[in-house]
Structure formats: structure tokens, C-alpha cells
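K.L.:
structure of the sequence below:
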Amino acid sequence: MHTTDSKPGRSVNALDTERPIGSFSSLKVELCVLITISTLIAFIMAWFLLKVELSIWIAMPITLAVALSITYFFSRGLTSPLREMRDAAEAMADGDYTVRVHVDENNRDEVGQLAMSFNEMAEELQHADQMRRDMVANVSHELRTPVSALQAMVENMADGVVEPTPSNLESILNQTHRLSDLIAFLLDLSRMEAGAASLRIDKFNFADFIDETVEPLEIADAGHAHNIEVRVPDDIEMEGDQDRLRQLFTNIIANALKHSADNTSVLIEAHEDRGYCTIVTNVVNFGSQIPQEARSDIFRRFVKGKTGPGTESGGTGLGLSIARWAAQLHGGTVRVVDDPRGADFEITLPKYHISDEK
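P.N.:
So this is what the prediction gives:
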């Protein structure tokens, strides 16, 4: 698994970023220091000018001008990150997410912290924008392939080049299934963007549910000779939306199969945690491992893994994100846990559904 690296950020105009009194941890302290310095210098200058018997009507304007100049000089350093953030925000509004605000490591006040948070936000927006662009390209490719195949086969049948035999019709049906799956992914994405989805809760046997979920995956995986080993007790009953939970387990198991070498095994084992009233399921892909630093990123939208060295997996990069979303709808979690056997996705779901309605 890997994440797509963001391009290096472009820094906006970094002029006036020197902050002579910007090393304090509080903006209030810096303002107090600025006022104290300006007042002290103005007092000393006024005392000196009066000492040399300069007229007060000349000394006071000179003193005020010097005090204002000092205040202006120091205040530009204090507010320079704010001006940079304004310019960066305007650039981002125009679609340029590569801009960054110059951050001095010595600036530890609220403005410096705000600048660092702004850069983190800009990096997230740049990443999301790049992933969306990649997703559009991937979806376009995924749509074009089955549509082109369908068009070619239907045209050949219409021209009498090929006969509508059961095998040809089955091929057309398979292409329509690919289109349906892709459309389902896009619908799930829109539901995730909305932040919620309705659930149809019923009670069912968990072992039977897993068997029904695994069966079509075994048929689709026939060419790779994977062995899906299921170790689920027969007496576990749970409540939930079977359609959403099937999305969850299908995506996790399909991901394990995709990243397993041919003629290897994938283990699905479950147990009931009676103390927490939850059902814990582990889907283990033997042999491969997921780096610690990538375990949270793989659940982000549009992030795709690698099926081999330098080889990016196909699809839209939504499978694991949809799986986590389906788990969260049920109050559960999906995470990667340490396991010497291989990549281990642990799914924790409540045994009973608690309705939000009162």
C-alpha cells in the first residue's frame, strides 16, 4: 500500500517575514513588548531633545514620528504571516493548492501556529484535489472499457458478424455488471459526502452472512486459485444492515485477495467479545505487510495500493474508504493491526444496533 505524494508546495511572497520580537509564545506578550519598546524610545528621545533645549513644538512631532516608525517596523513583522495567508487564500480560491505560507521555526506565537495549521490545511486540499483528478481519470477509464466492449459486441451482433450465443450474451452481462459496480461505487461516494445513509436493521446469523459474502468472491477469484479459509462460530447472532455490512466485508476481503499472490490463502476469523458486546473479525492476507505509516492513509478516499513493486492497483481507490464508512454507520471500526502472519484488517462491530431515534 502506498499514498500519493503531494507536490512540493509553492511559497507565496516571503518578504517582510522577519519578526524581531516573534520568538515569544504569545502574541499578547509580543504586543506588550512592542508598546514598551516604542514608549521607552519615545520617552528617551523626548528627554534628549528637550535636554538640548529644542522647542517642544518641534521635539514632540519628531518623537511621535520616530515612535510610529518603530511601531510600524515591528508590526509588519508580526502581521506578515497574515498577509501571506491572505495572498495564499486568494491563490487557492483561483484553484492553486500548491501555495504555502512561509513559517519561521522561531515563531511560536498564535500567528505562527495559525500559519502552520494553514499549511497543513493547504496540503490536505492539494492532496484531495489531486486524488479527485486521479479518480475522474480512473472512472473515465473504467467506464470506457466496458462501454467499448458492449458497443463492439452489440454492433457485431447487429451486423450479423457474431451470433447471440449464450456465451456472448454472458459476456455482455459481465460488462453490464462492471458498469453497475462502478455506478454503485459512485453512489456510495455521494452518500459518504452527505455524511449518512439510512439503515435497514434486521437480525441474522453472522456465520451464514460471511458464507454468503465469500461465495461470489470465490467464484470471481477462480482464476487466481486463492484459498479463503473461514473460521466463524455458528452461534453468533447480530443486528445490522446486511447490504451495508456486505459492502464492508466484500471490500475488505476483495482487497486481501487483490494483494495476495496466486495459490495463497486468505483467513477470515471471528469471535464474540462478550465484555464489550461486539463481534471482532480479522481478515488476514498471509505474507504481505502494510507499513505502520501507511495504515491510516489507505482508508482515505481515492488512495490506491500497490499489487506489486511499482505497480498500482486498479479501481477507483474507494473500496477501503467505503468499508470504513459502512462500519462507522454501525458504530464500528476498521483498522490494520500488527500480525506476524501478514496484513491483518480488524473489523469491530457492535452485536446489537442502537437506534439514534428517541
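K.L.:
distance of the closest residue to Val154 other than its chain neighbours from Ala152?
P.N.:
Sequence neighbours aside, Ile172 is the residue nearest to Val154 in space, at 7.3 Å (criterion: CB to CB, 6 or more residues apart in numbering). In this view, the C-beta of every residue, glycine as well, is placed from N, C-alpha and C. Noted for Ile172: a distance of 10 Å to Ala152, by CB to CB, to the nearest Å.
K.L.:
and these two? Which one has more around it.
P.N.:
Counted by other CB atoms under 10 Å, Ile172 and Ala152 do not tie: Ile172 has more neighbours, with 16 against 12.
K.L.:
thinking again about what came up before, quick one: what helix or strand has the residue nearest to Val154 in it?
P.N.:
Here Ile172 sits within helix 166-194, counting by DSSP states H and E.
K.L.:
pairing partners for the helix or strand just after that helix, with directions?
P.N.:
Following helix 166-194 in sequence order, the next helix or strand is strand 202-205 (DSSP H and E). Paired neighbours of strand 202-205 in the sheet (DSSP bridges): strand 237-240 (antiparallel).
K.L.:
sort out which residues of the strand it pairs with are buried, please.
P.N.:
Met238, Gly240 (16 or more other CB atoms under 10 Å).
K.L.:
what about it, distance to the chain center?
P.N.:
29 Å (CA atoms, centre = their mean, to the nearest Å).
K.L.:
average pLDDT for it?
P.N.:
Averaging pLDDT along strand 237-240 gives 95.
K.L.:
skipping its backbone neighbours, what lies nearest His224 in space?
P.N.:
Excluding its sequence neighbours, the residue lying closest to His224 (CB to CB, 6+ apart) is Asp262, at 4.8 Å.
K.L.:
list the contacts for that neighbour?
P.N.:
Shown in contact with Asp262 (CB atoms under 8 Å, 6 or more residues apart in numbering): His224, Ala225, His226.
K.L.:
helix, strand or coil for it?
P.N.:
Recorded secondary structure, Asp262: coil (DSSP: H, G, I helix; E, B strand; the rest coil).
K.L.:
what do you get for the one 10 residues further on?
P.N.:
When the structure is reduced to helix, strand and coil (three-state DSSP), Glu272 reads as strand.
K.L.:
got a pLDDT number for it?
P.N.:
On the pLDDT scale, Glu272 is placed at 94.
K.L.:
what of Phe206?
P.N.:
Here the pLDDT value assigned to Phe206 is 96.
K.L.:
what number of residues lie near it?
P.N.:
Using other CB under 10 Å, Phe206 has 22 neighbouring residues.
K.L.:
how far away is it from Gln242?
P.N.:
Using CB to CB, Phe206 is found at 10 Å from Gln242.
K.L.:
again with Leu68
P.N.:
Separation of Leu68 from Gln242 (CB to CB) stands at 72 Å.
K.L.:
neighbour count for those two, which is higher?
P.N.:
More crowded of Leu68 and Gln242, by other CB under 10 Å: Gln242, with 15 against 12.
K.L.:
wait, doesn't that one sit right on Lys203?
P.N.:
No. The pair Gln242 / Lys203 is not scored as a contact, 10.1 Å apart, by CB atoms under 8 Å.
K.L.:
okay, and the common contacts of those two?
P.N.:
By CB under 8 Å, 6+ apart, no residue touches both Gln242 and Lys203.
K.L.:
picking that back up, can I get the buried part of the contacts of Asp262 as one PyMOL selection?
P.N.:
To isolate the buried members of the contacts of Asp262 in PyMOL, using 16+ other CB under 10 Å:
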select buried, resi 226
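K.L.:
helices along the stretch 251-358 of the chain, start to end?
P.N.:
Assigned by DSSP state H, counting those that start in this stretch, the stretch 251-358 of the chain shows helices spanning 319-329.
K.L.:
for it, give me the ranges with low pLDDT.
P.N.:
Applying pLDDT under 70 to the stretch 251-358 of the chain flags the ranges 295, 301-317, 355-358.
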